[in-house]
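Enquirer: Coordinates only, no sequence provided:
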């Protein structure tokens, strides 16, 4: 009996998801970002099939040749096809982005939920730990972690994931603090719902909006971090291509072969921009406060 | 309203780009190769194109041609910053570029790498080859005005033995004494035909005055006997040297310059541009890919001689299956040294299957048993050894980016015989740790500045050698290398080292790749300078016209 009442109290208007999507689709930049992301994910999955050359096909006589019909993005210092390497590198960038942010999400959100819901000593303990992580500059912390774990893609994922964990914990905790004072939570508690049930059914769904926005934006920064780590030689190991590493290698040949650095740089730019546009669009669509501002602006025009 | 939002988005974009840039530059300051942690002997010259820092140009004055006082000052650009100026303590090539012109050694390598008199004008060897008596040149003064005496030589050598990086070079020395002010006597525990190279092969064995050690100024304000004396070092000016009027070759009109200013330009492209525009007169290295275009340019001379350095890689013989000589030989056959050389050095190097380059005429031994990308022989050897699906964990360091390039080429070449190469790229200090701890299937680097065959082979291949990290052990090689250390007859000594080299190459203790050329470049107004086989940077006979 109480369960039914409880469910009804938690019921949300179905139209909200649709409304969110509509707002998102009305945002041209967000749509452009979504299209770019779709292409990126496609390339990430089928990159090796699409690539016209093998990523490690060394061809010294044809090194450092400019973009042409045979090599769209030119060749690098070992005569490898830059286009193929840029395409294949998309996979590892997206992988690192998704897995690292997934890690941060899976670790950070529960920490935020527990800290925000139970408060008290556990809150202080968890959040002070997060503060310690937060007090380091992100890239420096990632480098420090990799110095301990050793270079490599897997370790880069862990490092970036750890770096982004406190952001998720903080955002979740902040929202939980607000939501747990809401009437429907008090009502659920008053009719005897357990803590676990309240967190899972009432709190979590209502703090998802900022977490979704943060996830999208974090993906952009995680990919950027991976590029930075690979640039420093700490991420993807050669001969496997990674945008950051290609950028680093291209720097030595910038005068003879600017295409070695420009194209991987553009790939990073497009990817990060796409995630940012989508993230901004989602924020506009999901955040009621932001939305009301936009609406009022629309009315005033 | 829409416009404002667009602007806001552009601002975000710019922020993202700025963050990207920040992410890169932040890391650079972390990743800069740590010169100071370099192992004593196993340092490679930091190639100019490796330098990590971005266009951090040291401002060179535009008015070099105007001020008459500055007209006879050479401006030399270095690719990296000297870590310190104590010749006994530094292992940074950038430091030695400067110190080469400030200090002298007891004797010194001539242009052909034979040893010629320097502070000692002559020496006599006893009949039992165990006592060497050096007579010092008269009238040599330190830059502080004090006369050089034999006690300074004794003090310098004792300091190197006690605390310097090169104490091991005195392995056969029992004592160094000064019976009078102009005589130094070195007694040995065993005949040491390579003694001169050991104790005076480079400026790490410099003769210093005790007083600058006592007052602690040796690291920042060196005082030597060389052609130039140290004036100042500052971030703005670089390192300033001035003519030493009391130089012991002053009667020959040396040095010809009034002074030298060393400026540090870490970015290879910026350094090259500084030479092209005349901001600097001389640069310490040219990125291999730029040599061809620079050589054809008017107003610039590229000095290029075959160098004594060698690049190699080694397989860990403490691990299976690399303890099987056939596996090592298979890999030595399967790689294509010419392709590797061209890929990494753009032809500015000579492929070699042994260590000693042809330019080292006294000790060169022509021997090349391996094929060039000979996959058939390689596959046969692997089949004999019963090895298939082999994976090699290959240790390289981005601080010497040619190792990363070479490993990638080797990976592609070995794929043809079904061998997978997994590259581990770490910073140099980590690399040194991992090498010393045996945490590798294969490692790759280079050895620089060797002249005597003992330097080329003993530490690396003797079963008790200090740098035998690959775990090579062959009693025949051990006894040949031991015999070579004490054999005083040149021809007999060469025969010993030829035999040792042949076994070392055959058994692929190291898999040798190539000897890179030494390259400097200077403007046409610079005269009297030449690029040397030992990479020593000497400006005593240099002039500006």
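Expert: Cool, got the structure. Given the structure is predicted, the values throughout are model-derived calculations rather than measurements.

Enquirer: from here on, contacts and neighbour counts on C-alpha atoms
Expert: Noted.

Enquirer: For residue A:106, grab the count of nearby residues.
Expert: By other C-alpha atoms under 10 Å in any protein chain shown, 15 other residues sit near residue A:106.

Enquirer: and it, what helix or strand is that in?
Expert: Using DSSP states H and E, residue A:106 falls within helix A:82-118.

Enquirer: Packing partners of that helix?
Expert: When contacts are defined as 3 or more C-alpha pairs under 8 Å, 6 or more residues apart in numbering or on different chains; DSSP states H and E, helix A:82-118 packs onto helix A:28-50, helix A:120-134, helix A:153-179, helix A:204-231, helix A:243-251, helix A:259-286.

Enquirer: Roughly how far does the residue nearest to residue B:161 when sequence neighbours are not counted sit from chain A?
Expert: Among residues not flanking residue B:161 along the chain, residue B:167 sits closest, at 4.0 Å (C-alpha to C-alpha, 6 or more residues apart in numbering or on different chains). Here the criterion is C-alpha to the nearest C-alpha, to the nearest Å. By it, residue B:167 lies 32 Å from chain A.

Enquirer: My read is that residue B:167 contacts residue B:173, right?
Expert: No - look at residue B:167 against residue B:173 with C-alpha atoms under 8 Å: they stay out of range, at 10.3 Å.

Enquirer: Let me know the distance separating residue B:92 from residue B:201.
Expert: Residue B:92 is 16 Å from residue B:201, where distance means C-alpha to C-alpha, to the nearest Å.

Enquirer: now do residue B:177
Expert: Distance of residue B:177 to residue B:201, computed by C-alpha to C-alpha: 20 Å.

Enquirer: Averaging pLDDT per element, find the lowest-scoring helix or strand in chain A.
Expert: helix A:288-300 (a mean of 48; mean pLDDT, DSSP states H and E).

Enquirer: on that earlier part again, among residue B:177 and residue B:201, which residue is more densely surrounded?
Expert: Neighbours were counted for residue B:177 and for residue B:201 using other C-alpha under 10 Å; residue B:201 has more, 26 against 16.

Enquirer: Over to that one: give its phi and psi.
Expert: Taking degrees, to the nearest 10, you get phi -80, psi -20 for the backbone angles of residue B:201.

Enquirer: got a pLDDT number for it?
Expert: Per-residue pLDDT puts residue B:201 at 91.

Enquirer: for residue B:171, same thing?
Expert: Per-residue confidence at residue B:171 stands at 89 (pLDDT).

Enquirer: before we move on, what about the one 3 residues further on?
Expert: With respect to pLDDT, residue B:174 scores 95.

Enquirer: Apart from its neighbours in sequence, what residue is nearest it?
Expert: Here the residue nearest residue B:174, using C-alpha to C-alpha, 6+ apart, is residue B:188, at 4.9 Å.

Enquirer: next helix or strand past the strand or helix carrying residue B:304?
Expert: Using DSSP H and E, residue B:304 sits within strand B:300-306. Going down the chain from strand B:300-306, the next helix or strand is strand B:310-315, by DSSP H and E.

Enquirer: Direction included, what does that next one pair against?
Expert: Here strand B:310-315 is paired, per DSSP bridges, with strand B:442-447 (antiparallel), strand B:511-523 (antiparallel).

Enquirer: on that earlier part again, save the helices and strands packed on helix A:82-118 as a markdown table, and put in distance to chain B and mean pLDDT too.
Expert: Putting the helices and strands packed on helix A:82-118 into a markdown table (distance: least, C-alpha to the nearest C-alpha, whole Å; pLDDT from 0 to 100) gives the following:
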| stretch | distance to chain B | mean pLDDT |
| --- | --- | --- |
| helix A:28-50 | 10 | 93 |
| helix A:120-134 | 17 | 93 |
| helix A:153-179 | 11 | 93 |
| helix A:204-231 | 6 | 92 |
| helix A:243-251 | 9 | 92 |
| helix A:259-286 | 7 | 93 |
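
Enquirer: Backbone dihedrals for the residue nearest to residue B:174, both of them.
Expert: Backbone torsions of residue B:188, given as degrees, to the nearest 10, read phi -120, psi 160.

Enquirer: Tell me how far the closest residue in space to residue A:105 that isn't next to it in sequence lies from residue A:220.
Expert: Of all residues not flanking residue A:105 in the chain, residue A:168 sits nearest, at 6.3 Å (C-alpha to C-alpha, 6+ apart). Using C-alpha to C-alpha, one gets 15 Å for the distance from residue A:168 to residue A:220.
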